[in-house]
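Visitor: Predicted model and sequence below, questions to follow.
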Amino acid sequence: MKRTLPLLIAAVTGFVLIGAHFVPYTQSWGEEAMIWFDILAAIAFILGGANLVRLNLQKISDRRAGWGYAAVTVIAFFLTLVVGMAKMGVHPSAQFPQFAWSGDYVQEGSSFWFIYQYAFYPLGATMFALLACFIASAAFRAFRAKNTEAIILLSTAFIVLVGRTYAGTALTGWMPEALQFDNLTGTIMNVFNLAGNRAITIGIGLGVVSLSLKILLGVDRSYLGTEE
Amino acid sequence: MDKSIFLTVLAAGLFSWGGASPVLAQSPRPPGEVRAADFPNDAGDAVRVEWELSPDDQPQPAERLVVAYEILRREAGEEAFTRIGEETYQTRSFKDDGCTPGASYFYQVVALGPDGARSPAAAAGSPVTPVMQYFDFSQFWFGVILLIVGGSVIYFIQLARSGRELKVRPIAGLEAVDEAVGRATEMGRPCLYVPGILDINDMQTLAGVTVLSRVAGLTAEFDARLDVPTCRSLVMTACRETVEAAYLGAGRPDAFNEDSVYYLTDEQFGYVAGVTGKMLRERPAACFYMGAFFAESLILAETGNAVGAIQVAGTAMPSQLPFFVAACDYTLIGEELFAASAYLSGESHQLGSLKGQDVGKVLGGTLVVVGCLLSTAAVLTDAALLNQVLSYLTDHVLGNQGW
Amino acid sequence: MNLTEFFRNLDRRWIFLLMLLSILIPLLFGLRFPESPSPMVLNVRSAIEELPEGSDVLMAWDFDPASRGELSPMAAAFVRHCAYKKHKLYFLTLWATGGPLIQESIDILNREFPGYEYGRDYVNLGFRPGGEGVIKVVVGDLKKLFANDVDGTSLDELALTRNLKNIRQMDLIVNVSAGYPGTKEWVLYAATPYDLEIVGGTTGVSAPSLYPYIPGQLTGLLAAIKAAAEYEQAVIDLYPALMENDTAQEGLRRMGPQLLAHMLVILLIVAGNVIYFWERRKGVAS
């Protein structure tokens, strides 16, 4: 039953929605199903949040390796939750001045905005900026001219890296227009890269159709867990 | 003559006779013929209103006399027209999608000038009654292609069930799963499994969960430690179910630890920070990245490389494939990820679905080749027939203009 | 330890330091280079420029603070260009952390285009959860999900949105995105099925996956900071008054660090290969 019921729900919903796509009256059913999913996902966050807090509190109480990080996580979690839900420092909106909580929770100057602006924003930007460092280290370590394919890859990388900057114009401006690196970069991206991407995308599309059908037909049940 | 038109014309006439109103003196001329018709392939709740531009609505005028068109509607039985929408100048049509199926409607279009000047209304000749269609014929060819591809998948699954032997090429990335888990066991270090950062409604996540089933089965068998941090709560729940089933299947339900599958955060880089931090502290010997990844792919894979882990990745995000290929030992490219469950299960009827996919590839390839040949021939010969065939192919077969 | 051994076992933090310097130095010295807009960038510019004045433009800002460094210059350039054309702007985001980034764009309007009035010329619809599900709903009925603006004001009370039924009434969609949900979803669920015109701006890493949609389903795409700089230049070419505005040239300013960072990556690839071939030759010799 634990596997049969979800399988039945998936199959009925899936096939009905496929059919609904072709009937004008039922075309909006897909939108309704998406809204249902969003509600489920939002409720499921309680599961995730509870799990996060439980595991980290356990780690702190057991004084396991890295418990200090767990403490930071728990404090940050509750601080953000309380500040956001209580709308600390939020002024009422002009529309409903009589209600203290009517303002937007990320209103400029509010406590939540402060966390966003001075903690979340710089931390997120730092993680993203790390990519530049990782790209450099991966370039140093992984790009080796081991064989013909690797040499082609390296040459392409060289053209695109130079062509994406002013160096492309400055160094190859004297060449025929089609061979100037900035134009060549455009050709590589719009012709070769595009063709490769389209082929991969078609393959992915077909893979999605095939896997979807297997799931709807109950051929693939590995994601459903056990009957017990 | 309709009452409102009569009044408008009368008012315009009076003011222009007196020459007193500068606003109405600049009123634009009305739009030309107005036509209203039932909108095709819908639930009977829309009408398309089309009109000829007002003679004062010129493409590049020195001074714009028409700034917009106002569309008015009156239901049969009602007295007055009400405004239902506005379109900018040089626009010739409007879709009224607030209709009731079976009701009859009259339409008018008024050209609006600057400073609120209005032209007399131009009316559609006859009322229109929107009708519901039972099949969306604009999706006809999409349906045909879906039937061919979907039908082939089902046909080959049935064929395989009947006992026909099907051959599938080896996928190195999936062969490497056993080796990676074995190595982690030998080294006494954990296996890290990252199921991507999208929710369970994404097919890549689902495909990744099926690979997790295999990895968990092996860790159960070899008694290795498994660590599955997730980015979404629903993915955590699904992964837990899968891992538990795999441990049960391996005859080791006692070894299943619910806390080995846990939620970190929905936030992309917060999740990456959590996972990479754990990697540096616990130094997993095998890392699996299966699902949907974005900018975090390289951060994860380079950190895994730094801790000396054997790494297997699989994603259908073309933009992230180069990073995984550069930094991981094995990478499942696009469709290989979706083929994983069939390949790993080894069940012949699941392998049948892969053959069905091949029919889709043949169909796609044929369309690409035929399209290229037709386009080239059409450019070289400028033959009307070729252009017609080509536009049918792009607008109808691959577009949404139906049959 | 000989030199090849040093490089082979090089601590990656040295590489990180070099990358930091290659970005910091041009920023400190204000290194800038001229940019000439590519045909793709000119396509994007035309899509906005050729719309009649006062057209309705949906500004879907689907990015977060993490990618702000790469995407905010193009978002700002889109806002300025649309404002010069007096287009009506409808801001929304599908990213929970995107709200304040919309506010940054609105700050530009308030600061540089005092004639722009909230509720008449632009509106902030804010964030709604649900990813592509939101798109699928707003193409049919915007007010089903966005009944109010970000301040809780009913859309029926704002002049700009009173008669707005769905986003199919938009003349153009401008989407700046850092991933999912983003340009791909807007193309697949709004622009393509309803024949709407859309231009996008995205991070360099996401761009290759979007090229297949150009030009049939996606009119044009600004890929990364290079395209943002070119677009800024393209808009300056049309509206030279922007030359006086330093904040309108953020993308152009960031091309200096980009040049040096790319050169560093090339140098590292070359160094890595020199070590590789040196070791291979030594291996063959021994």
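Guide: Here it is on my side, so go on.
Visitor: just the helices in the stretch 201-350 of chain B please.
Guide: Remark: helices assigned in the stretch 201-350 of chain B by DSSP state H, counting those that start in this stretch are B:203-222, B:233-249, B:268-282, B:296-306, B:321-327, B:335-345, B:348-381.
Visitor: what sits up against the fourth one?
Guide: To tie it back to what came earlier, the one meant is helix B:296-306. Outside helix B:296-306, the residues within contact range by C-beta atoms under 8 Å, 6 or more residues apart in numbering or on different chains are A:127, A:130-131, A:134-135, A:137-138, A:141, B:192, B:194, B:197, B:268-269, B:271-272, B:275-276, B:279-280, B:284, B:287, B:289, B:293, B:311, B:313, B:315, B:317, B:320, B:323-324, B:326-328, C:12. For the C-beta atoms, the positions are set from N, CA and C on the backbone; glycine is no exception.
Visitor: Can you turn the buried part of these into a PyMOL selection?
Guide: The buried residues among the contacts of helix B:296-306 can be selected in PyMOL (16 or more other C-beta atoms under 10 Å in any protein chain shown) with this line:
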select buried, (chain A and resi 127+130+131+134+135+137+138+141) or (chain B and resi 192+194+197+268+269+271+272+275+276+279+284+287+289+293+311+313+315+317+320+323+324+326+327+328) or (chain C and resi 12)
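Visitor: pLDDT weak spots in chain A?
Guide: By pLDDT under 70, the low-scoring segments of chain A are A:1, A:225-228.
Visitor: How far off centre is stretch A:58-65?
Guide: The chain centroid and the centroid of stretch A:58-65 are separated by 31 Å under C-alpha atoms, centre = their mean, to the nearest Å.
Visitor: Identify the residues contacting that stretch?
Guide: So stretch A:58-65 is in contact with A:66-67, A:70-71, A:74, B:281, going by C-beta under 8 Å, 6+ apart.
Visitor: and chain C, which residues reach chain B?
Guide: C:12, C:52, C:54-56, C:64, C:66-67, C:97, C:163, C:165-166, C:168-169, C:171, C:178-180, C:193, C:203, C:205-209 (C-beta under 8 Å from any C-beta of the partner chain).
Visitor: From those, list the buried ones, please.
Guide: Looks like the residues of chain C next to chain B have C:12, C:52, C:55-56, C:64, C:66-67, C:97, C:165-166, C:168-169, C:171, C:178-180, C:203, C:205-209 buried, using 16+ other C-beta under 10 Å.
Visitor: of all the contacts of stretch A:58-65, which two lie farthest apart?
Guide: A:74 and B:281 (17.6 Å; C-beta to C-beta).
Visitor: can you tell me how far the residue nearest to residue B:148 when sequence neighbours are not counted sits from residue B:396?
Guide: In this structure, residue B:148 finds its nearest non-sequential neighbour in residue B:363, 6.2 Å apart by C-beta to C-beta, 6 or more residues apart in numbering or on different chains. From residue B:363 over to residue B:396 the distance is 16 Å, taken as C-beta to C-beta, to the nearest Å.
Visitor: and the end-to-end length of stretch B:86-98?
Guide: 14 Å (C-alpha to C-alpha, to the nearest Å).
Visitor: near chain A, anything from that stretch?
Guide: No - between stretch B:86-98 and chain A, judged by C-beta under 8 Å from any C-beta, nothing touches; the nearest distance is 11.7 Å.
Visitor: for that stretch, which positions count as buried?
Guide: Counting neighbours by 16+ other C-beta under 10 Å, stretch B:86-98 gives B:86-89, B:94-97 as buried.
Visitor: Residue of the stretch 1-150 of chain B nearest chain A, please.
Guide: residue B:43 (4.4 Å; C-beta to the nearest C-beta).
Visitor: about what we covered before: mind putting the helices of the stretch 201-350 of chain B in CSV, distance to residue A:117 and mean pLDDT included?
Guide: Output for the helices of the stretch 201-350 of chain B, formatted as CSV (distance: least, C-beta to C-beta, whole Å; pLDDT from 0 to 100):
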stretch, distance to residue A:117, mean pLDDT
helix B:203-222, 32, 92
helix B:233-249, 27, 92
helix B:268-282, 16, 92
helix B:296-306, 23, 92
helix B:321-327, 30, 88
helix B:335-345, 38, 84
helix B:348-381, 48, 90
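Visitor: Does residue B:228 touch residue B:243 like I think?
Guide: Yes - under the criterion of C-beta atoms under 8 Å, residue B:228 makes contact with residue B:243 at 6.8 Å.
Visitor: between those two, what contacts are shared?
Guide: Common contacts of residue B:228 and residue B:243 (C-beta under 8 Å, 6+ apart): B:212, B:260-261.
Visitor: for the helix or strand where residue B:159 lies, which positions count as buried?
Guide: In this structure, residue B:159 sits in helix B:140-161 according to DSSP states H and E. For helix B:140-161, burial by neighbour count (16+ other C-beta under 10 Å) applies to B:140-143, B:145, B:149-150, B:152-154, B:156-157, B:159-160.
Visitor: Kind regards, and thank you for your time.
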